[in-house]
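>>> Sequence first, predicted model second:
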Amino acid sequence: MTLTLHIDAHRWRAHQDAFQQQVSGLVPVAKGNGYGFRLGVLAAEADRLGAQTLAVGIAEEVQQVRAGGWHHDIVVLNPWRPFDGAASALLDDPKVITTVSRVEDLRALSQSHPRARVVVEIETAMHRHGLDPRQLTADTFGDLWFEGWAIHLPADGSLTEANRLAQTGLATRTGPVWVSHLSVDDYRSFAAGLDVPTFLRVGTRLWLGDKQAYRTTATVLDVHRIRKGHKLGYHGVAAPRDGWIVIVSGGTAHGVALAAPVPQRSWKQRGVTVAQGLLDAAGRTLSPYQIGGRKRAFAEPPHMHSSMVFVPGDDSHVKVGDEVPVTTRMTTATPDRITWH
Ligand SMILES: *Cc1c(COP(=O)(O)O)cnc(C)c1O
């Protein structure tokens, strides 16, 4: 009963290798669902790439990448907070670098864990986490092992802002600078303009940069003839026409058909959202499953491990045991199985 991720190993790795060759100081990011590949797989790939540091999102993920065979340094991207027990437990780990983003946290750590390795995050135009380095003095750092400044830019991060923030940090204290979300060209200019080590933290462009290198399929588990008006599913919805109900693997537990809110910056995007809303209101949500060459509507909302899809007409196009393509959002989908080709 599987949702299968197929990886073209040669192609996937060729993309990673090419990316790494363009970026000196690449820090691969392995967090969350491992961008669909799982954290252990990414840890092994980062090791194959020869990376010296791996970035994870939260303290709880440190154990998972270590289980995948990672033995080098790990930077935890989400900043430490005093109430985070898992993150606090890593402060004395000599291979873990903790991100700190508030003056009071830096001060507290310099007292409680004076030997901790820390990077200090600078507030950017994102306004998520971060501080203004001008609030700090040499005193605030105490004896902490300062690993540098972190700059987490918005998706279309600008070189100008990266430079400005790096200079603000370096004026307070010298050290390496870690950035996220600069283009490769901008990062190269950035690195060339500084006389401290630089690092670029990358997940999406590294793991998901070559969309031809991986694909997901679902297994057809059942096929039933259905007549127009006959009720089906948990909710007893009537079939809109004569056709077929195809039961495919993949459901809410796999994160299938989960849509995250999209940023609505353009009218075109708003139009797409409105059109999808009308489709939803008519009870015909397009599923991510492709049967007979096109995406088919859900017969009803996905179940935990499988989904019911409606195929109108006389031809069901598939039989039990067939594999059908399914479009997944890699950062929310978790396959049951990975096959390497
Ligand atoms: C997740 C994360 C990244 C990696 O983001 P991608 O868009 O997946 O490359 C980089 N930096 C920080 C601080 C992050 O949280």
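The structure has been received and is ready for your questions.

>>> Which residues are in contact with the residue nearest to residue 235 when sequence neighbours are not counted?
Excluding the flanking residues, the one nearest residue 235 by Cβ to Cβ, 6 or more residues apart in numbering is residue 300, at 5.7 Å. Where you see a C-beta, it was placed from the backbone N, CA and C, and this is true even at glycine. The contact partners of residue 300, taken as Cβ atoms under 8 Å, 6 or more residues apart in numbering, are 232-235, 237, 308.

>>> Sort out for me which of the residues you listed are in strands.
The strands, defined by DSSP state E, take in 232, 237, 308 from these.

>>> From residue 295, how far out is the second one?
What it means is residue 237. 19 Å (Cβ to Cβ, to the nearest Å).

>>> thinking again about what came up before, the residue nearest to residue 235 sits in which helix or strand?
For residue 300, there is no enclosing helix or strand under DSSP states H and E.

>>> re earlier: closest to the ligand out of the contacts of residue 300?
residue 308 (32.8 Å; Cβ to the nearest ligand atom).

>>> Which residue lies closest in space to that closest one, excluding its sequence neighbours?
Spatial nearest neighbour of residue 308, excluding adjacent residues (Cβ to Cβ, 6+ apart): residue 299 at 4.1 Å.

>>> residues contacting the one residue in the stretch 201-341 of the chain that gets nearest to the ligand?
In the stretch 201-341 of the chain, the residue that lies nearest the ligand is residue 203 (2.9 Å; Cβ to the nearest ligand atom). Applying Cβ under 8 Å, 6+ apart to residue 203 gives the contacts 28-31, 35, 55.

>>> so what's it scoring on pLDDT?
Residue 203 is assigned a predicted lDDT (pLDDT) of 98.

>>> And the helices in the stretch 201-341 of the chain, which stretches?
Taking DSSP state H, counting those that start in this stretch to define them, one finds helices in the stretch 201-341 of the chain at 204-207, 267-281.

>>> Check those helices for me: which has the lowest mean pLDDT.
helix 267-281 (a mean of 58).

>>> Up against the ligand, what does the chain have?
Within the chain, the positions near the ligand by Cβ under 6 Å from any ligand atom are 29, 31, 77, 152, 180, 201-205.

>>> repeat that for 5 Å
Residues of the chain lying near the ligand by Cβ under 5 Å from any ligand atom: 29, 77, 152, 180, 201-204.

>>> of the residues you listed, buried ones?
29, 77, 152, 180, 201-203 (16 or more other Cβ atoms under 10 Å).

>>> Now restrict the ones in strands among the contacts of residue 300 to buried residues only.
Taking 16+ other Cβ under 10 Å as the criterion, what is buried in the ones in strands among the contacts of residue 300 is 232, 308.

>>> Relative to residue 136, which of the ones in strands among the contacts of residue 300 is nearest.
Sorting the ones in strands among the contacts of residue 300 by how near they are to residue 136, with Cβ to Cβ, puts residue 308 at the top with 57.2 Å.

>>> Surely the closest one and residue 235 touch.
No: Residue 308 lies out of contact with residue 235 (Cβ atoms under 8 Å); the separation is 10.4 Å.

>>> If residue 218 is in a bridge, with which residues?
residue 3, residue 324 (DSSP bridges).

>>> For it, grab the count of nearby residues.
32 (other Cβ atoms under 10 Å).

>>> what about the helices in the stretch 51-200 of the chain?
Under DSSP H, counting those that start in this stretch, the stretch 51-200 of the chain gives helices at 60-67, 85-88, 103-112, 138-141, 159-172, 184-192.

>>> Considering only helices and strands, which part of this protein has the lowest mean pLDDT?
Sorting the helices and strands of the chain by mean pLDDT, DSSP states H and E puts helix 267-281 at the bottom, at a mean of 58.

>>> quick one on the thing from earlier: name the nearest of the contacts of residue 203 relative to the ligand.
Checking those against the ligand with Cβ to the nearest ligand atom, the nearest one is residue 29 at 4.2 Å.

>>> Tell me which residues touch the closest one, please.
Residue 29 neighbours (Cβ under 8 Å, 6+ apart): 54-57, 77, 201-203, 206.

>>> phi, psi of it?
In terms of degrees, to the nearest 10, the main-chain angles of residue 29 are phi -110, psi 130.

>>> Next: the one 3 residues further on.
Per-residue torsions, residue 32: phi 60, psi -130 (degrees, to the nearest 10).

>>> Pretty sure it sits against residue 329.
No: here residue 32 does not reach residue 329: they are 11.9 Å apart, not a contact under Cβ under 8 Å.

>>> Using PDB, write out the CA atom coordinates for stretch 39-56.
Extracted C-alpha coordinates of stretch 39-56, given in PDB (Å, rounded to 0.1, in the frame of the first residue of the first chain):
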ATOM      1  CA  LEU A  39      16.500  13.300   7.000                       C
ATOM      2  CA  GLY A  40      18.700  10.100   7.000                       C
ATOM      3  CA  VAL A  41      19.000  10.100   3.200                       C
ATOM      4  CA  LEU A  42      20.000  13.800   3.100                       C
ATOM      5  CA  ALA A  43      22.600  13.200   5.900                       C
ATOM      6  CA  ALA A  44      24.200  10.500   3.800                       C
ATOM      7  CA  GLU A  45      24.100  12.700   0.700                       C
ATOM      8  CA  ALA A  46      25.700  15.600   2.500                       C
ATOM      9  CA  ASP A  47      28.400  13.300   3.700                       C
ATOM     10  CA  ARG A  48      28.900  12.000   0.100                       C
ATOM     11  CA  LEU A  49      29.300  15.700  -1.000                       C
ATOM     12  CA  GLY A  50      32.100  16.100   1.600                       C
ATOM     13  CA  ALA A  51      30.200  18.900   3.500                       C
ATOM     14  CA  GLN A  52      31.800  19.800   6.800                       C
ATOM     15  CA  THR A  53      28.700  21.200   8.400                       C
ATOM     16  CA  LEU A  54      25.000  20.200   8.000                       C
ATOM     17  CA  ALA A  55      22.100  22.500   9.000                       C
ATOM     18  CA  VAL A  56      19.000  21.200  10.700                       C
END
